[in-house]
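K.L.:
Based on what follows, work out the 3D shape:
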Amino acid sequence: MSSILTTVSFIMALIVLGFLITWITGFFKKINTVSKVGKLGFIISISIFLAFSIGTGASLYKDIKEQSESEQLTEYMNNKALDSMKKFNKLYESQGLELETVGNKENRSWHDAIWKNSSTFDVDETLLTITMDNSVPIGSIKDRLKSLKSELEIITDNDTGDYDAQIYKDAYDKIEKMSKFIASPSGSYNNFMPKLTEMDDAVSDAHEKIKDIKS
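P.N.:
So this is what the prediction gives:
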């Protein structure tokens with residue numbers, strides 16, 4: 001809009017100049033008709049020119065103000081996203097370490113239950129015992145997962161496109177899957193460790209992608 005008004009104002013300025021030259025020429029050469037036409041045209045055109053100039057100035061001010069507000073909003077959103085990215089990274093690292101520790105502990109407990117009570121071994125009872133024995137760290141895992149989700153929401157809500165928010169979503173999906181697996185182990189003992197290793201590798205790869213984010 002401002003570019004159109006600027007163009008029109010420029011054209012009007014040329015018209016004003018043309019009528020002014022006509023008026024001056026008619027005045028000095030004593031050509032009344034030319035002088036009157038130039039004077040009348042100058043008065044009308046200068047009025048229109050001033051109106052367009054005021055409109056152009058107001059439009060330019062509005063555009064500059066909107067651009068400034070947009071830049072300030074973008075900066076604010078980027079700062080919020082970056083702050084949450086840093087918090088997410090720290091939580092993610094802590095979660096990954098605890099998941100690995102608890103997962104290995106569950107694996108050992110499962111192994112011991114099988115070999116110590118092979119004749120009376122009950123998988124459901126064993127898994128219940130394992131989760132009860134690890135209830136405190138499992139509680140921490142669940143709480144930290146909620147915190148990761150909260151930080152992810154801030155990151156996605158303040159996504160301006162300047163940073164790759166999708167890698168945080170992908171990272172969260174991977175650690176959420178591993179967290180649920182550790183909090184509620186299932187399946188067979190033979191498949192537990194391979195699944196744990198696969199999930200741990202996926203979480204580690206995701207962490208490598210996000211840990212170097214800097215402001």
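K.L.:
what's near enough to touch the spatially most central residue of the chain?
P.N.:
For the chain, the residue lying nearest the average C-alpha position, counting by Cα atoms, centre = their mean, turns out to be residue 159 (1.3 Å). Contacts for residue 159 (Cβ atoms under 8 Å, 6 or more residues apart in numbering) come out as 77, 81, 165. The way it works is simple: take the backbone N, C-alpha and C, and place the C-beta from them, glycine included.
K.L.:
Which residues outside stretch 128-147 are in contact with it?
P.N.:
Residues contacting stretch 128-147 (Cβ under 8 Å, 6+ apart): 87, 91, 94-95, 98-99, 101-102, 105-106, 109-110, 113, 175-176, 179, 182-185.
K.L.:
Domain ranges for the chain, per the record?
P.N.:
Listed domain ranges for the chain are 2-70, 73-210 (source: automatic domain parsing).
K.L.:
just the contacts of residue 159 now: which is nearest residue 119?
P.N.:
Proximity of these to residue 119 was ranked by Cβ to Cβ; the top entry is residue 165 with 53.6 Å.
K.L.:
Backbone dihedrals for the closest one, both of them.
P.N.:
When quoted as degrees, to the nearest 10, the phi and psi of residue 165 stand at phi -70, psi -20.
K.L.:
Now do it: how many residues are near it, please.
P.N.:
Neighbour count of residue 165, defined by other Cβ atoms under 10 Å: 18.
K.L.:
excluding its backbone neighbours, what's nearest it?
P.N.:
With Cβ to Cβ, 6 or more residues apart in numbering as the measure, residue 159 is the residue that lies nearest to residue 165, at 4.2 Å, once sequence neighbours are left out.
K.L.:
Does that neighbour belong to a helix, a strand or coil?
P.N.:
The three-state label for residue 159, taken from DSSP: H, G, I helix; E, B strand; the rest coil, comes out as coil.
K.L.:
Where does residue 79 fall, secondary structure wise?
P.N.:
Using DSSP states H and E, residue 79 sits within helix 32-116.
K.L.:
Turn the domains of the chain into JSON lines, including mean pLDDT.
P.N.:
Output for the domains of the chain, formatted as JSON lines (pLDDT from 0 to 100):
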{"stretch": "domain 2-70", "mean pLDDT": "63"}
{"stretch": "domain 73-210", "mean pLDDT": "93"}
